[in-house]
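Asker: Predicted structure and sequence below. I'll ask about it afterward.
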Amino acid sequence: MDPYRLPRSVVPSRYDIRLEPDLTTLTFRGEETIAVSVAEPVSEIVLNAVELAVDEAVVVDARGAEQRASVSLDETAERCGLAFTAPVAPGAGRLRIRFRGTLNDKLRGFYRSVYKDPGGVTRTMAATQFEATDARRAFPCWDEPAFKAVFSVTLAIDPALTAVSNTRILAKTTEGGRTIVRFADTITMSTYLVAFVVGELEHTEPSSVGDTPLSVWCVPGKRRLAAFGQEIAVASLRYFEDYYGLPYPGDKLDLLAIPDFAAGAMENLGCITFRESGLLVDPVTATQTEEQIVSDTRDDRAALIEELRAERDVAADPASPARDQRRAPGEVEEAQRLHAPMGSSRQSVNQLPIGLPFLAADPIVTCSETRRSVSTMKP
């Protein structure tokens, strides 16, 4: 078996995931049903999981036969093997898994973020960071970008808390003293773009960009710092939808400021997470540099997408015309104007810092090799 790539004999197409985080015990429980396509008879299904305990795994094959799996976990390879006594028949099938995990303190996977509220009281929230390969810390999955699927997320949370994910909320119900929040299906996308945040949160009044509501979320007491970031986000989304002629593919766009966050920002579709300094800014005391940092996170990085697409075309066909020659009149000047704050209008494809939220599902945009910190690009 390839030690670096999962087998393609079984491929997922849809995940129905239910997670129940407990911010007191810093643990979570989960269950999922994964729709899979089985290409050939298999006696073992291999997917990714790490720092999870798998309590049960059952497969229902194309003939309706149900089998319970023998579970083995390889922490070093970050894989979960599900062995069956009889081969699983080819065709459409379903895989049901129950599992448990810990809200870790590693700022990756499904992790805990600890902060102090305005009264000095320590609070905890749960957030996610799945790029590049940490969705496997939250739920067993085919955690490679090529294994794209639709994700349906349900979160069972404390009634005093709020939950945000990639899509809008379809329904809220009460069950066993917990609030059950069911979110709409995502578009087909990679596992590392899945996101959910649970905690005490407040949001700005949504702004509309076409049919898309756009809000900024933060911990209580910091909403007054969100106006500038929201203004820039609205202008960016409106401008680039028009510039590229591509509509935003999600049903909403939330930008969330997370107290503990390792990266500058993460382009989860519809649920973009930021470190607080990359999204929140005091309108009274902020310096121009602080405002530029917030603007850069959404706007300047987005402006370079056009260059990236041109670089991609040139790389695919070295004999193609120069990228400037393929642009319509005026586009070169416009691109250079937008690039100016970055200090250069011509960066190589491996230097481009990418963060355009409504193009996050584009594999070119989300390729990790193209991502670098904006700070390294400053003159």
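Answerer: Now that the structure is in, tell me what you want to look at.

Asker: can you list the domain ranges for this protein.
Answerer: 10-102+133-193, 202-299, 302-377 (automatic domain parsing).

Asker: okay if I get the ones you listed as JSON lines plus distance to residue 116 and mean pLDDT?
Answerer: Glycine gets a C-beta too; all of them are placed from N, C-alpha and C. Formatted as JSON lines, these follow (distance: least, C-beta to C-beta, whole Å; pLDDT from 0 to 100):
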{"stretch": "domain 10-102+133-193", "distance to residue 116": "15", "mean pLDDT": "96"}
{"stretch": "domain 202-299", "distance to residue 116": "9", "mean pLDDT": "89"}
{"stretch": "domain 302-377", "distance to residue 116": "27", "mean pLDDT": "38"}
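
Asker: I'd like those domains laid out as JSON lines, including mean neighbour count and distance to residue 127.
Answerer: Compiled in JSON lines, the domains of the chain are given as follows (neighbours: other C-beta atoms under 10 Å; distance: least, C-beta to C-beta, whole Å):
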{"stretch": "domain 10-102+133-193", "mean neighbour count": "18", "distance to residue 127": "10"}
{"stretch": "domain 202-299", "mean neighbour count": "19", "distance to residue 127": "5"}
{"stretch": "domain 302-377", "mean neighbour count": "15", "distance to residue 127": "17"}
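
Asker: for this protein, which helix is longest?
Answerer: helix 227-244 (DSSP state H).

Asker: list the helices and strands the helix or strand that that one is followed by packs on?
Answerer: Per DSSP states H and E, the first helix or strand lying C-terminal to helix 227-244 is strand 253-258. When contacts are defined as 3 or more C-beta pairs under 8 Å, 6 or more residues apart in numbering; DSSP states H and E, strand 253-258 packs onto strand 122-129, strand 212-218, helix 227-244, strand 271-275.

Asker: right, so of the ones you listed, which gets closest to residue 165?
Answerer: Residue 165 lies closest to strand 271-275 among the helices and strands packed on strand 253-258, at 5.9 Å (C-beta to C-beta).

Asker: So what touches whatever helix or strand comes next after that closest one?
Answerer: Per DSSP H and E, the first helix or strand lying C-terminal to strand 271-275 is helix 288-295. The contact list for helix 288-295 (C-beta atoms under 8 Å, 6 or more residues apart in numbering) reads 228-229, 232, 277-281, 341, 374.

Asker: how far off helix 227-244 does helix 288-295 point, in degrees?
Answerer: Between helix 288-295 and helix 227-244, the angle comes out at 50 degrees (axes from the mean of the first three to the mean of the last three C-alpha atoms, to 10 degrees).

Asker: Pull the distance from helix 288-295 to the chain's centre.
Answerer: 24 Å (C-alpha atoms, centre = their mean, to the nearest Å).

Asker: cool, stretch 6-26 as well?
Answerer: Offset of stretch 6-26 from its chain centre (C-alpha atoms, centre = their mean): 14 Å.

Asker: CA atoms only for it, dumped as CSV, please.
Answerer: Output in CSV follows, covering the C-alpha atoms of stretch 6-26 (Å, rounded to 0.1, in the frame of the first residue of the first chain):
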residue,chain,number,x,y,z
LEU,A,6,-4.8,6.6,0.2
PRO,A,7,-6.2,3.8,-2.0
ARG,A,8,-8.8,4.9,-4.6
SER,A,9,-10.7,1.6,-4.5
VAL,A,10,-13.2,3.4,-2.2
VAL,A,11,-14.0,7.0,-2.8
PRO,A,12,-16.3,9.3,-0.7
SER,A,13,-18.9,11.6,-2.2
ARG,A,14,-20.8,12.9,0.9
TYR,A,15,-20.3,13.2,4.6
ASP,A,16,-23.1,13.6,7.1
ILE,A,17,-21.3,14.6,10.3
ARG,A,18,-22.7,15.2,13.8
LEU,A,19,-20.3,16.5,16.5
GLU,A,20,-21.0,17.2,20.1
PRO,A,21,-18.2,19.3,21.7
ASP,A,22,-18.0,19.7,25.4
LEU,A,23,-16.2,22.9,26.4
THR,A,24,-16.1,21.9,30.0
THR,A,25,-14.3,18.5,29.6
LEU,A,26,-12.6,19.7,26.4
